[in-house]
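> Kindly generate the corresponding structure for this input.
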Amino acid sequence: MRTLFIAVSTMLFAACAPKFPTLIPDEFEQVIAEPDVQLVDVRTPEEFERGHIVGAMNINWKNDSFADDAAILERSKTIAIYCKAGRRSHAAAGKLYRMGYKNIVELQGGIEAWQAEGKAVQVDIHNRL
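Below is the predicted model of the structure:
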């Protein structure tokens, strides 16, 4: 009986889990080159200022007002999300998914993977919330 409960619980959890792809830097770069993609960096403002992907907006996952800040995002457009290494962006993507945003892609390995591939970052303090 316990085995059946565990199996059913696992299936239900998998069915309710967020459904968004995690992309390697080359794939993520192709997505963010598309028009109307909302590029979101969920790191702290200090991390964002030290370098971010060109065109990104900063919505700090650690801020208590993350959900309110994220309300500026359009539900009909794709959200491409990243952080430093992938943990915060994965949590933030899950939160956004539960808030009703369904078109989400995540950068695997975060900006660290992006930079390891030799992709450019911008240092700028004018694009954050």
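
> Regarding the residue nearest the centre of the chain, what is its secondary structure?
To find the centre residue of the chain, average its C-alpha atoms and take the closest one (Cα atoms, centre = their mean): that gives Ile81, at 2.5 Å. Recorded secondary structure, Ile81: strand (DSSP: H, G, I helix; E, B strand; the rest coil).

> shouldn't it be in contact with Ala91?
No: here Ile81 lies out of contact with Ala91, judged by Cβ atoms under 8 Å, at a distance of 10.2 Å. Backbone N, C-alpha and C define where each C-beta goes, glycine included.

> Quick check: which ranges of the protein have low pLDDT?
By pLDDT under 70, the low-scoring segments of the chain are 1-18, 125-129.

> that older thread, show me the residues around the residue nearest to the centre of the chain that make contact.
When contacts are counted by Cβ atoms under 8 Å, 6 or more residues apart in numbering, Ile81 touches 40, 42, 89, 92-93, 96, 104-107.

> Need the buried ones from those residues selected in PyMOL.
Buried residues within the contacts of Ile81, as defined by 16 or more other Cβ atoms under 10 Å, are selected in PyMOL through the command that follows:
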select buried, resi 40+42+89+92+93+96+104+105+106+107
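
> Now render the contacts of Ile81 as JSON lines, adding secondary structure and distance to Met57.
Compiled in JSON lines, the contacts of Ile81 are given as follows (DSSP: H, G, I helix; E, B strand; the rest coil; distance: Cβ to Cβ, whole Å):
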{"residue": "Val40", "secondary structure": "strand", "distance to Met57": "6"}
{"residue": "Val42", "secondary structure": "coil", "distance to Met57": "10"}
{"residue": "Ser89", "secondary structure": "helix", "distance to Met57": "14"}
{"residue": "Ala92", "secondary structure": "helix", "distance to Met57": "13"}
{"residue": "Ala93", "secondary structure": "helix", "distance to Met57": "15"}
{"residue": "Leu96", "secondary structure": "helix", "distance to Met57": "13"}
{"residue": "Ile104", "secondary structure": "strand", "distance to Met57": "15"}
{"residue": "Val105", "secondary structure": "strand", "distance to Met57": "15"}
{"residue": "Glu106", "secondary structure": "strand", "distance to Met57": "16"}
{"residue": "Leu107", "secondary structure": "strand", "distance to Met57": "15"}
